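Student: based on what follows, work out the 3D shape:
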Amino acid sequence: MVGRCRMGLITILLAVASGLAQAVAQEGPFQIVWVVIGEASSVSDKDPAHAGRQLFMASDLVSKSLANVRVEQVEVAPIVNELAIGQRLCLANMSIRALGPGKEMVGGAPLSISVRQDQKLRLGLSRSKRDICLQPSAPGEYPVRLTSMLPARDGTTRGAQVYLRVSQPNKIPSPSADIP
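Tutor: Sure, this is the predicted structure:
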């Protein structure tokens, strides 16, 4: 009798575990993956901010690190960029600033630029040596991250996130949308 109950309990537990495994497999965890699409250099006294591919060599990062250059804050403006499908935003036209421990400007600070992997194709990405432009092909909200390649005093990296809000061109809100 005890052996029979034990077998029954094991059968029930296996059935429940099997059902849970199927539920997890069907839903699966959603994970956002960020991919680096290029680099940016913060504004300096001499040069405007720019973005592109392979702006920095490893030796550039090492020399700034050895000089103890720290980035405590990254500021990018505007934070929200409203676009219609077909319009283009180039990152070099944005205000990109890096600030050090004393809130002083860190000119030419190396930053990485990343976007969500699942949105990359819709962003209409074009890159050159001096700029990265985005021309989204579908309405939606697309975050873009700029992260310092130089650490802050505590050893972590700092960054900023901006958003592209893309709508259908000439889409006029319906008057009924304003009526409570």
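Student: which stretches of the chain form helices?
Tutor: For the chain, helices defined by DSSP state H occupy the ranges 2-27, 58-66.
Student: what's the least confident stretch among those?
Tutor: Comparing these by mean pLDDT, the weakest confidence falls on helix 2-27, with a mean of 48.
Student: per-residue pLDDT, the residue nearest the centre of the chain?
Tutor: Nearest to the geometric centre of the chain sits residue 145, at 3.4 Å (Cα atoms, centre = their mean). Reading off the confidence values, residue 145 has pLDDT 97.
Student: show me what contacts it?
Tutor: 34, 113-115, 159-161 (Cβ atoms under 8 Å, 6 or more residues apart in numbering). Where you see a C-beta, it was placed from the backbone N, CA and C, and this is true even at glycine.
Student: 7 Å instead, please
Tutor: 34, 114, 159, 161 (Cβ atoms under 7 Å, 6 or more residues apart in numbering).
Student: count of neighbours near the closest residue to residue 151 other than its chain neighbours?
Tutor: Residue nearest to residue 151 in three dimensions, not counting chain neighbours: residue 157, with 5.8 Å by Cβ to Cβ, 6 or more residues apart in numbering. By other Cβ atoms under 10 Å, the residues close to residue 157 number 14.
Student: give me phi/psi at residue 157?
Tutor: The phi/psi pair for residue 157 (degrees, to the nearest 10) reads phi -110, psi 150.
Student: just checking, it touches residue 114?
Tutor: No - Residue 157 is beyond contact range of residue 114, at 12.0 Å (criterion: Cβ atoms under 7 Å).
Student: least trustworthy helix or strand in this structure by mean pLDDT?
Tutor: helix 2-27 (a mean of 48; mean pLDDT, DSSP states H and E).
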